[in-house]
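1. here is a sequence with its predicted model. Questions after.
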Amino acid sequence: PLYGLALVLLYGPDLWHRHRRALALSLATFVLFCLPGLPHWLSPAGRARAEFLLDPPSDWLGQYLSYLSPSFLVLSGDANVRHSMEGWGQLYLFALVSVPLGLLALRHRREAARLLGPWLLLFPLPAALTDPGHAMRACLGLPVLELLSAAGIVSLVRRLQGTARTVAGVATAVIVLAFAGAHTQDYFSDYGDDS
């Protein structure tokens, strides 16, 4: 919802100006689909999670930052073995380089930055109100981090010319496949034995 609100603030005026009828129909459809859930959301059970907003944790900023830390995202992941394999973060190790490169690449892509920036900044908010570094609650941020990682890799390869570009492209593919293979191996062998 927060990201949806951010998109409305960023793109709403332009959409309303250009596509007023389609936007009004979309909003009416959205409200129509939300109406059946309204009784549950207003019930005590439905409001139970909202109480965190009224009584946020004392270390809210620390919990927010835990979802963006290299330790959680790349190096060690969630400490709870039900949520994360030991030695694996939410992203592969090469993301320590590729995600910052992706953030740098966004400097030259204003529209992509407008779309991905709020997503990156907002995804930890709901999770930070409950626990630090919880893998299941970080799932909403993985797509934006993976998009940034891919953008970083592509921007790096595109800076090269000729044979160097080809070698870098092949090396990147080999590295990604090697990490995916190792992760799959650990998931289906070692991780299954631990649980």
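-> Great, that's in hand.
2. neighbours around residue 117, how many?
-> 15 (other CB atoms under 10 Å). For glycine as for every other residue, the C-beta is placed from the backbone atoms N, C-alpha and C.
3. how about it: what's its closest non-neighbour residue?
-> residue 106 (7.3 Å; CB to CB, 6 or more residues apart in numbering).
4. the chain: helices as residue ranges?
-> Taking DSSP state H as the criterion, the chain contains helices spanning 2-18, 20-34, 38-42, 44-47, 51-54, 60-66, 70, 95-105, 110-122, 124-128, 142-158, 162-186, 192-194.
5. and of the ones you listed, who's closest to residue 86?
-> helix 192-194 (7.4 Å; CB to CB).
6. for the record, mean pLDDT for the closest one?
-> For helix 192-194, mean pLDDT is 55.
7. can you list the helices of the chain in TSV and add distance to residue 83?
-> Output for the helices of the chain, formatted as TSV (distance: least, CB to CB, whole Å):
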stretch	distance to residue 83
helix 2-18	23
helix 20-34	30
helix 38-42	26
helix 44-47	24
helix 51-54	19
helix 60-66	14
helix 70	18
helix 95-105	18
helix 110-122	21
helix 124-128	12
helix 142-158	13
helix 162-186	15
helix 192-194	12
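8. rewinding a little: the residue nearest to residue 117: neighbour count?
-> 21.
9. surely it touches residue 116?
-> Yes - between residue 106 and residue 116 there is a contact at 6.7 Å, judged by CB atoms under 8 Å.
10. what distance do you get for the residue nearest to residue 117 to residue 93?
-> Distance, residue 106 to residue 93, using CB to CB, to the nearest Å: 22 Å.
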